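Colleague: Just need the structure, nothing else, for what follows:
(one chain, ligands or ions: 1)
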Amino acid sequence: MTELILALDVLTREEALEIAEETYPYLDAIKLGYPLVLGAGLSVARELSQFDLPLIADFKVADIPNTNRLIAEHVFESGFSAIIAHGFAGSDSLKAIVEATENAGGECYVVAEMSHPGALEFLSGETAEKIAQMAVDCGTDGIIAPATRPERVKALRSIIKDKKILSPGVGAQGGDAREIAPLIDGMIVGRSIYNSENPAKEAEKFAFVRR
Ligand code: 3DU
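Modeller: Here you go, the predicted structure:
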């Protein structure tokens, strides 16, 4: 079974709550990041907790260990159950987040390889594989890997084994849901759900990945 994670990148509290209300029965988690938090304020996380779904903070945290720890502590105190970090800041930075995550009883995911074309300039290939290995060594819960490149997901799977892979890139970025679903643990979908005329119906179309 692959989880369906809604990337709720709308800009207002009202839109966020409306789309969450319509789609939550078809979801396993909601991911929010800078677009919504900068638009609606961090308090939107508490409001979204009414839908009883895990909330993933996609802040792609990438700072020195002390700042990473402060950010992660704040994230977990604000109602989130998981955090996404970048790995390129190094293992000490990542360990600070893992420690804060463990203290809060949450989950931590590391971006190994991104899904957009520009990712191939820096964050792919051997670098992505090193980051995936670091995610294992530092005790994270898993990685973020591109639904747009199933062959890369397979390569990264051989490194992270039974830890989780969450994959963005289905739909608007061109990734194919049926192809990627068997390779991953969570499919992250944003625009093709929240921009559609009927977000609930669109979310329901992904029901096959959850079986
Ligand atoms: O392309 P979509 O609208 O389905 O949204 C994808 C979400 O996943 C969005 O929040 C984006 O910031 C995030 N994401 C990627 O798209 C690619 C990555 O490598 C990492 C995160």
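
Colleague: Count the residues that sit near the closest residue to residue 59 other than its chain neighbours.
Modeller: For residue 59, the nearest residue in space outside its immediate sequence neighbours is residue 33; the separation is 6.2 Å by Cβ to Cβ, 6 or more residues apart in numbering. From N, CA and C alone the C-beta is placed, and that goes for glycine too. Other residues lying near residue 33 total 17 when counted by other Cβ atoms under 10 Å.

Colleague: Touching, residue 33 and residue 45? I think so.
Modeller: No - contact status for residue 33 versus residue 45: not in contact, 11.1 Å apart, counting by Cβ atoms under 8 Å.

Colleague: Mind listing the shared neighbours of the two?
Modeller: Listed contacts common to residue 33 and residue 45 are residue 57; contacts here mean Cβ atoms under 8 Å, 6 or more residues apart in numbering.

Colleague: In this protein, what residue lies closest to the ligand?
Modeller: residue 190 (2.7 Å; Cβ to the nearest ligand atom).

Colleague: so who does residue 159 touch?
Modeller: Neighbour list for residue 159: 129, 132-133, 136 [criterion: Cβ under 8 Å, 6+ apart].

Colleague: can you list the residues that contact the one helix or strand in the chain whose mean pLDDT sits lowest?
Modeller: Of all the helices and strands that make up the chain, the one with the lowest confidence by mean pLDDT, DSSP states H and E is helix 119-122; it has a mean of 93. Defining contact as Cβ under 8 Å, 6+ apart, one finds that helix 119-122 is touched by 113, 146.

Colleague: Give me the buried positions along it.
Modeller: Within helix 119-122, the residues that count as buried by 16 or more other Cβ atoms under 10 Å are residue 119.

Colleague: for stretch 66-78, same thing?
Modeller: Burial within stretch 66-78, assessed by neighbour count using 16+ other Cβ under 10 Å, is assigned to 68-69, 71-73, 75-76, 78.

Colleague: got it, and stretch 154-166?
Modeller: Of the residues in stretch 154-166, 155-157, 159-160, 163-166 count as buried by neighbour count, 16+ other Cβ under 10 Å.

Colleague: any idea how far it is from the chain center?
Modeller: Taking Cα atoms, centre = their mean, to the nearest Å, one finds the center of stretch 154-166 at 15 Å from the center of the full chain.

Colleague: does any part of that stretch sit near the ligand?
Modeller: No - taking Cβ under 6 Å from any ligand atom as the criterion, stretch 154-166 and the ligand are apart, separated by no less than 8.8 Å.

Colleague: Quick one: mean pLDDT over that stretch.
Modeller: When pLDDT is averaged along stretch 154-166, the result is 98.

Colleague: What of stretch 101-109?
Modeller: Averaging pLDDT along stretch 101-109 gives 98.

Colleague: Can you get me the start-to-end distance on that stretch?
Modeller: When the termini of stretch 101-109 are compared using Cα to Cα, to the nearest Å, they are 10 Å apart.

Colleague: Same check on stretch 95-114?
Modeller: Criterion Cα to Cα; first-to-last residue distance in stretch 95-114 is 21 Å.

Colleague: Good, we can wrap up now.
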